[in-house]
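Enquirer: This is a predicted model, with the sequence first.
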Amino acid sequence: MAAANGHSLFVEVQDLKTYFFLHEGTVKAVDGVSFNIYEGRSLGVIGESGCGKSVTAQSIMRIVPSPPGREVGGRITLYLKDDQQHQEVVDVLDLPASGAKMRGIRGKQIGMIFQEPMTSFSPLHTIGSQIMENILIHESGVSNKQARDRTIEMLSRVGIPRPKTLIDAYPHQFSGGMRQRAMIAMALVCGPRLLIGDEPTTALDVTIEAQILDLIKDLQAQFGMALMYISHDLAVVGEMADEIMVMYLGQVMEHSSTDEIFDNPLHPYTIALWRSIPTIEGKLERLVPISGALPSPYATIPGCPFFSRCERRIAGTCDGAPPPLKEVSPGHQVRCFLY
Ligand SMILES: Nc1ncnc2c1ncn2[C@@H]1O[C@H](COP(=O)(O)OP(=O)(O)OP(=O)(O)O)[C@@H](O)[C@H]1O
Ligand SMILES: [Mg+2]
């Protein structure tokens, strides 16, 4: 099993393709994406709306709505460990999405915080019973009392006030920020080896966002969990991630360590993104929107997907064939004919 800087590999995604087959055409939501996630490390994923961030995460969890979606190619390998620390290698795309094995992985091995908190709680059951159920499904020999105590403790750790009372509240009785915290509690209660946060703080105000980010970082340091952090917000990703993957129309445009990609962004898309977002220090610079509109998701683009909006495009080259993703310096990959 591969390791990087002493961190063991947990997820290996190779050439993943997840498409949606719709009446209007085929959306290649994820179109040949490869990356690794290591224990104790954080991968940030950024890119404009619709570039395939959520569908990449959903593919790892095997929760892509199907139909119309389907993982049509590639491999997603998990390097699991059982309670005796024996390693088990699983290709999740070979597993039935709703089978026992995959259900055992979701929630236990991989916890996910969703973009929209209401999607992960049923309105019909209390917050506490839903978090407890996650423990009782995944861990044998745990009593109801133990599951309840652990749930109260977890709710308290994510900053829910009066957890002994609010454990019995229903989702609609929580504010948006509290639901988001409760969802984090649910994602973490079984001690997952990977936490996927899909815009986990988008719905929150900045103060609560900062608290949640600190909480995720603390828990990561404490449990040595891997983190996949998806966001539009470059400043947040920069703070959370050790490395950053930039996506555009289902493909990886650039991928490198966070320091490197901030200091030395190479892809014209990355550079345009950096310019369009306020600086990390919060300096108020004028935002420069990326010119041009995103192509239709149904379009078949023969060359570089960013061609139509790229300031440095070379007609005849960039629109002829797709550029390969190239490693231009150790650990720094870019998909662009300029390099
Ligand atoms: N259930 C679905 N049915 C049809 N198309 C879908 C579905 N889910 C996603 N898509 C399409 O797949 C593409 C990638 O969507 P995805 O949700 O991964 O984007 P995203 O990068 O997460 O965007 P955002 O930043 O808005 O969350 C988009 O074109 C989207 O319309
Ligand atoms: Mg999304």
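Expert: Arrived safely. Ligands and ions are numbered 1, 2, ... in the order given.

Enquirer: Could you give the number of residues near the residue of the stretch 151-300 of the chain found nearest ligand 1?
Expert: Residue nearest to ligand 1 within the stretch 151-300 of the chain: Pro297 (3.8 Å; Cβ to the nearest ligand atom). From N, CA and C alone the C-beta is placed, and that goes for glycine too. Neighbour count of Pro297, defined by other Cβ atoms under 10 Å: 18.

Enquirer: Do you know the pLDDT at it?
Expert: Here, the pLDDT recorded for Pro297 equals 90.

Enquirer: Pretty sure it sits in a helix.
Expert: No. If the criterion is DSSP: H, G, I helix; E, B strand; the rest coil, then Pro297 is coil and not within a helix.

Enquirer: so what's it up against?
Expert: The contact partners of Pro297, by Cβ atoms under 8 Å, 6 or more residues apart in numbering, come to Val27, Lys28, Ala29, Gly50, Leu249.

Enquirer: and if we set it to 6 Å?
Expert: Taking Cβ atoms under 6 Å, 6 or more residues apart in numbering, we find Pro297 in contact with Val27.

Enquirer: do the same with Leu249
Expert: Pro305.

Enquirer: Try it again at 7 Å.
Expert: Cys51, Pro295, Pro305 (Cβ atoms under 7 Å, 6 or more residues apart in numbering).

Enquirer: Equivalent analysis for Glu48, please.
Expert: Contacts of Glu48 by Cβ under 7 Å, 6+ apart are Leu294.

Enquirer: Ligand 1 contacts on the protein?
Expert: Within the chain, the positions near ligand 1 by Cβ under 6 Å from any ligand atom are 20, 22, 27, 29, 47, 49-55, 65, 68-69, 115, 232, 297.

Enquirer: try 5 Å
Expert: Counting by Cβ under 5 Å from any ligand atom, the residues of the chain close to ligand 1 are Phe20, Val27, Ala29, Ser49, Gly50, Cys51, Gly52, Lys53, Ser54, Val55, Pro65, Pro297.

Enquirer: Buried among these? Make that a ChimeraX selection.
Expert: Selection of the buried residues among these in ChimeraX, burial being defined by 16 or more other Cβ atoms under 10 Å:
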select :20,27,29,50,51,52,53,54,55,297
